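**Student:** give the three-dimensional model of this entry:
(2 chains)
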There are 2 protein chains.
Amino acid sequence: MATLADIGVSATINILTAFAFLLAFAILRIQPINDRIYFPKWYISGGRTSSRSNTGNFVGKFVNLNFRTYLTFLNWMPQALRMSETEIINHAGLDSAAFLRIYTLGLKIFVPVTVVALLVLIPVNVSSGTLFNLKKELVVSDIDKLSISNVPPKSIRFFVHIALEYLVTIWVCFLLYKEYNNVSTMRLQFFVSQRRRVEQFTVVVRNVHHTHGHSVSDSVDNFFQTNHPNHYIGHQAVYNANKFARLVRKRNGLQNWLDYYQLKSERHPDKKPTVKLGFWGLWGRKVDAVEYYRRIITELDKMMILERQKIIKDPKCILPVAFLSFNSRWGASVCAQTQQSKNPTLWLTDWAPEPRDVYWQNLAIPFVSLSIRKLIISSLVFALVFFYMIPIALVQSLANLEGLEKVVPFLRPVIELQFIKSFLQGFLPGLALKLFLYVLPSILMIMSKIEGHIALSTLDRKTSAKYYYFMLVNVFLGSIVTGTAFEQLHAFLHQSPTEIPRTIGVSIPMKATFFMTYIMVDGWAGIASEILRLKEMIIYHLKNMFIVKTERDREKAMDPGSVDYKETIPSLQLYFLLGIVYAVVSPVLLPFILIFFAFAYLVYRHQIINVYNQQYESAAAFWPHVHGRIIASLIISQLLLLGLLSTKEAAKSTPLLVILPILTYAFHKYCQSRFEPAFRQYPLEEAMAKDLLEKTTEPELNIKAYLADAYLHPIFQSFEIEEHELIEVRVDKQQTQVTSPSSNDTTSPSSSHYHHHLPSPPPSPPHDDYPGFFHHVPHYGYQYQLEP
Amino acid sequence: MATLADIGVSATINILTAFAFLLAFAILRIQPINDRIYFPKWYISGGRTSSRSNTGNFVGKFVNLNFRTYLTFLNWMPQALRMSETEIINHAGLDSAAFLRIYTLGLKIFVPVTVVALLVLIPVNVSSGTLFNLKKELVVSDIDKLSISNVPPKSIRFFVHIALEYLVTIWVCFLLYKEYNNVSTMRLQFFVSQRRRVEQFTVVVRNVHHTHGHSVSDSVDNFFQTNHPNHYIGHQAVYNANKFARLVRKRNGLQNWLDYYQLKSERHPDKKPTVKLGFWGLWGRKVDAVEYYRRIITELDKMMILERQKIIKDPKCILPVAFLSFNSRWGASVCAQTQQSKNPTLWLTDWAPEPRDVYWQNLAIPFVSLSIRKLIISSLVFALVFFYMIPIALVQSLANLEGLEKVVPFLRPVIELQFIKSFLQGFLPGLALKLFLYVLPSILMIMSKIEGHIALSTLDRKTSAKYYYFMLVNVFLGSIVTGTAFEQLHAFLHQSPTEIPRTIGVSIPMKATFFMTYIMVDGWAGIASEILRLKEMIIYHLKNMFIVKTERDREKAMDPGSVDYKETIPSLQLYFLLGIVYAVVSPVLLPFILIFFAFAYLVYRHQIINVYNQQYESAAAFWPHVHGRIIASLIISQLLLLGLLSTKEAAKSTPLLVILPILTYAFHKYCQSRFEPAFRQYPLEEAMAKDLLEKTTEPELNIKAYLADAYLHPIFQSFEIEEHELIEVRVDKQQTQVTSPSSNDTTSPSSSHYHHHLPSPPPSPPHDDYPGFFHHVPHYGYQYQLEP
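**Tutor:** A predicted model of the protein is given here:
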């Protein structure tokens, strides 16, 4: 068992490592050559251009020669704190601001709790001194002397712990309520203060019911013109463009090769690059590489044009899904919130996610399939959480040396070498597990995608929920109760419900040192490596060396990344759980959590301001989950304390604790009904107010033209750069402007069919000197500009 | 343990009793004097009048002298079956028709299950013969030899039981799906085919947010004119009339006394009745009774007029609740389904219940209070279900003889008498329990009322849910696992989750005989006494003898009653549970259930056609509960079979059963999303279709006048009989007709304030010779007429 000294050593090592990372970061970030790694956000928002470093000489473009700046190398911290929350919302969106609020919530919760717990509990626990009286032979950690383990059974002192649990619960609930209130207000405020957004006027309808004779588009128009006559103005069909998307991917790959060979031939104009035509380029006739790729790309372009025409002309390619456009936020809000058809599995309406948030592949899943998918994925997640050790143990048993020798007998002489043997023996068994844990978020993401959610933000949320369950069972419970999750499940099924909190509760104080180490290694070091962006830096410099030709390519090579909600939020929730559970049991853990929250807050604030570029804006839609998980942590901590105290025979004091989980749950229910609707629905009051405001400020607005191409499948939007198409689109918009000056004439079905005109063939293939297919996708009008 | 012969004797007795009841009913029902007891529904719907019996002589008015009718005394059964379902819907409403469907569902489920189970399982069980091989001394019931207990451990025969469980599950799920589909279609059909109903245009809004300077009415008008400008046409305020209602109750009581003394003085004109003015009429000055009551009723009338004026004029008496009127079903449907305000605890809109379904007292409960009430009542129900034996045991221990003698020592000589002693000893301990069980539904109803539901139908549903939990724990589990519910709770908390189904599962086969008796006594006898209406008959004849003067009074004395959903539906659900659980375990129980369902179906069909007069129409809103409880029964039966088989060491076969509850639950989830919305919301498609139809058939309809007085508090409606008021109301309707020929001018706030005009003072006091305050309440236009 670890002593205080051990923990001290471990902490020193971790702090030094973190400090080294920070130092490296501080030096690297002020080198102009790394500017695009550590400040990509400013390039995207237009705050910086590449012609920034004007030191004049050649070296100054790559290395910072202004040595005074090295003295103030830690000034990124105050810089990160300087930006106000409103500015962050404008600069990086509400998601980022709400994400930072999780950290401030953590600080608000744990600063007072740490102070009170350390000041009150440590003296109470230490002075009880049961463990001091035990024989010296029994190895008892110093940490344990500071924990509840040190209090003798039947002690009256347990009332102090119970009182503190009450205090913690009340304090956490108070802050949670305040924070939920703040975030939901911020969300509505965000909707109000934002300029016009297409998703406010758009509703996605799934499971369109179309009879055999009619097309999907006609059915949609008929249905909504009948049932929302004054508000519906048209719809945008969704095409089944999976084949086309495959072609686009293929073309991109070929384009990359073309670029590569073009660069090669430019650098060495004397030596023409060639390729072999055979299998995987290994054999066959040699041809000129640049010409070859140019030719097959041209062929592919022709195929793509044909495919595109087919998609747009063939009614079978239109999926039974559509994005409905409404002439007012009120109309869209009504349609999204109401039940349309008497068969509630048809005509399912919901808010449309913003266009860049749509996950197009999942749009066409029918209702029955969704139910089945949900069931299957739930079972799979359950199996994954509880039985994931089984396949890994299998792989591990295969991957031991004897197994390996049997499978690949010709490798035996190599394996038998002492050096390689010991390396493999130490390395192989862990490899499978490490690999699994590394790919776990991706596996969970794939599961979420199979479940059929239609927005990237929803996918992130669902994946993060699954990841949280995994961590709760395998990291938290798995560390406390030794044995695999499967063994635990077996044990729990055969224990009584009152026995489980006892089993876990008893082990909790002993595991404090483990979790301290965990927080340092996983938390502190993780955050420090987050800010250094080592992987991104290496990739960027490699790309810069080999691929980048133009300023545009450099922009392409820049990878700002984004907050990885599906991994960070579950980890955060785990830290909340640890902090709340250990607050009363073993408060020495709290400073570690506190340092994590403070440090992570600084780092993420810096990253959000300078680095990350969010893929979508869900307006803090993840907050109900954060709230719910913290409530769950509270209840878990109460039950575990109850179990722990029941083993301490503190029969007098435990009944006091029984009421607490019930009250906490009731509080949760209240919060849910009070705040959650703000995260699910758009109140009519707000919609109407915004509509009226807009009507007075912009009476001339043509909402139909504004929405015309908002929800076009992204692979079609790449064609918009074509000049004659752009004109066509503009003409189309003009027409709709002429034919529908107001929304009253929408009953003529022809005017709502604008979706047929838009991505119209034939386009010419993209320019040769520019490979971008996706990079011309317009910015959807969601740029956030930092106010000065 | 009961043998087959015992059960046979018990069955014979019960069948004879039931037959006696039926015979009594058959004779009593054809006596003209009992016509209003056994056919009140026809008097209400206008099918019969009192001048019906034209046999001429005096005796013929009371006793049926046509002896031929005695020979066909059982013809009520085919008569009851003759009416088609559509006719029943028209005659007695959809609730009644759907209620009967529960019985047909029971028959559809259990007829094939009984046949298959008896044919397959009985041979399998009997031929196994473990119990035959046991020593003769061990008393084993014959019933047990027919049950699963007779199959030896590790037998391969358990696969038959598992296969049958699968069959039962599939069959029940299939029928449930079909039935849910039918009922939800019937519900929508009912809405479509019905003529115009006020609740289709009305939405109730609770938690109106009004600022200090404005009245509730102004706030409501402002808010909804802004947010539903094209649909909102006005609202009806809800007054806090509790004090007025108290006065009405007091006046009714006094009126009864006046009637009594008037009758007395008419019969004996020579002897004037007098009353004493002192405490409880025991002493004081004697005055003429008739004059005295007339005087104080006049005084009371004056007070009531003042109070009424006060209520209507004082804005403080307007509660923060209102019934909103819309000009179309679409508008109302939208408002009911959407979130109005950004604070989701304010402006809560929901469908208005139909006027006679409104529970007025609960309309004004604020949101926070509702949450707290829900929490408290949930805890109370939990306590009631699990700890109800504690106070009863307390009362019982007090109520034993020694306790009684201590409390009232002067009664000792009486108690010590042998006869009284033995009577008390046998009687007292049971009395408390019997009393408690008798008042239990009322207690649960009071709890539901405290929870704050605003419709009588919701109250009935919530009460029935509570009653079901009570029966599940105390009748079902309580009979299987001996001991009080509290002891069970204690045991279950200290057993592992896998142990519980084993404990219960093992005891199930042994309790088959108990439940057979239970079904006969509670089910068969209960149904037979239901049709006899003994209590109602006695009360009616007593009233007829002492109170009835006019034909109107006779109508008052007639008490048709209604289906008591809150007691019958939970009992039905218990029978479903018993049938499904025992189908595989001990199929001899099934015929008893089958007889119950068939008999009860006949009886309730007769009662619904001839007797009951429903208080409200909820359009089968209880069906999701029925569906859910049967699914729960399935899952319970699967888990118990799993537990039972695990004790039989049938390790090979049990894994087959584990998947079943998961699939059943998934089926339930699917049904929920597929059908439940039809019971919660009114789809826009339907609303729009009905609106359009109405616009073409009745273009001249003034919807505002139609809705004007629909949701007036019932105590005010009693005043409408006053002639000049009626005129006033008509004038008012005329005005609204003139001022709002169409719905477009609703933006003028004055026109939507019609609720202020309606119950306008001063009214003259009601006629002296007619006491009715409530009896002139108009029928709300919901009469169902039987088609020929």
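**Student:** so which residues of the stretch 101-250 of chain A form strands?
**Tutor:** A:202-206, A:232-239 (DSSP state E, counting those that start in this stretch).
**Student:** worst mean pLDDT among these?
**Tutor:** Among those, strand A:232-239 carries the lowest mean pLDDT, a mean of 85.
**Student:** same for that one, what does it pack against?
**Tutor:** Counting contacts by 3 or more Cβ pairs under 8 Å, 6 or more residues apart in numbering or on different chains; DSSP states H and E, strand A:232-239 is packed against helix A:216-227, strand A:318-326, helix A:703-707. (C-beta placed from N, C-alpha, C; glycine too.)
**Student:** out of these, deepest packed?
**Tutor:** Counting by mean count of other Cβ atoms under 10 Å in any protein chain shown, strand A:318-326 has the highest mean neighbour count of these, with a mean of 25.
**Student:** what about it and chain B, touching?
**Tutor:** No - contact of strand A:318-326 with chain B (Cβ under 8 Å from any Cβ of the partner chain) is absent, the minimum separation being 13.0 Å.
**Student:** so what strands line up beside that strand?
**Tutor:** In the sheet, strand A:318-326 lines up against strand A:202-206 (antiparallel), strand A:232-239 (antiparallel) (DSSP bridges).
**Student:** most packed of those?
**Tutor:** Compared across the strands paired with strand A:318-326, strand A:232-239 shows the largest average neighbour count, a mean of 26 (mean count of other Cβ under 10 Å).
**Student:** that one vs helix A:216-227, what angle?
**Tutor:** Computed by axes from the mean of the first three to the mean of the last three Cα atoms, to 10 degrees, the angle separating strand A:232-239 from helix A:216-227 equals 160 degrees.
**Student:** which among the helices and strands packed on strand A:232-239 is found nearest to B:L16?
**Tutor:** With Cβ to Cβ as the criterion, B:L16 lies closest to helix A:216-227 of the helices and strands packed on strand A:232-239, at 61.1 Å.
**Student:** avg pLDDT for the closest one?
**Tutor:** Confidence for helix A:216-227, expressed as mean pLDDT, is 85.
**Student:** can you give me the helices for the stretch 351-500 of chain A?
**Tutor:** In the stretch 351-500 of chain A, the helices defined using DSSP state H, counting those that start in this stretch lie at A:367-387, A:389-398, A:401-407, A:412-416, A:418-451, A:456-471, A:478-480, A:485-493, A:499-507.
**Student:** worst average pLDDT in these?
**Tutor:** Among these, helix A:401-407 scores lowest, at a mean of 62.
**Student:** report the secondary structure state of A:A621.
**Tutor:** Following DSSP: H, G, I helix; E, B strand; the rest coil, the label given to A:A621 is coil.
**Student:** report how many residues lie close to A:A383.
**Tutor:** Residues within reach of A:A383, counting by other Cβ atoms under 10 Å in any protein chain shown, total 12.
**Student:** ditto for the one 5 residues further on
**Tutor:** For A:Y388, the count of nearby residues is 21 (other Cβ under 10 Å).
**Student:** ok, it touching A:N474?
**Tutor:** Yes - at 7.5 Å, A:Y388 and A:N474 qualify as touching, with contact defined as Cβ atoms under 8 Å.
**Student:** list the contacts for A:Q672?
**Tutor:** A:P624 (Cβ atoms under 8 Å, 6 or more residues apart in numbering or on different chains).
**Student:** element containing it?
**Tutor:** For A:Q672, the host element (DSSP states H and E) is helix A:655-675.
**Student:** I'd say A:E85 and A:A97 touch.
**Tutor:** Yes - taking contacts as Cβ under 8 Å, A:E85 lies within contact range of A:A97: 5.6 Å.
**Student:** between these two, which has more neighbouring residues?
**Tutor:** Higher neighbour count among A:E85 and A:A97: A:A97, with 21 against 14, using other Cβ under 10 Å.
**Student:** and the more buried one, what pLDDT?
**Tutor:** Note for A:A97: predicted pLDDT of 91.
**Student:** can you check the one 4 residues further on too?
**Tutor:** With respect to pLDDT, A:R101 scores 93.
**Student:** help me confirm that it comes into contact with A:N181.
**Tutor:** No - the criterion here is Cβ under 8 Å, and A:R101 misses it with A:N181 at 12.0 Å.
**Student:** between those two, who's got more neighbours?
**Tutor:** More crowded of A:R101 and A:N181, by other Cβ under 10 Å: A:R101, with 20 against 15.
**Student:** quick one, what contacts the more buried one?
**Tutor:** A:179, A:182-183.
**Student:** list the buried residues in stretch A:510-519.
**Tutor:** For stretch A:510-519, the neighbour count (16 or more other Cβ atoms under 10 Å in any protein chain shown) marks A:510-513, A:515-519 as buried.
**Student:** please apply the same query to stretch A:310-317.
**Tutor:** If you call a residue buried by 16+ other Cβ under 10 Å, then stretch A:310-317 has these buried ones: A:311-312, A:317.
**Student:** cool, stretch A:255-267 as well?
**Tutor:** Neighbour count says stretch A:255-267 has A:255, A:257-263, A:265 buried, by 16+ other Cβ under 10 Å.
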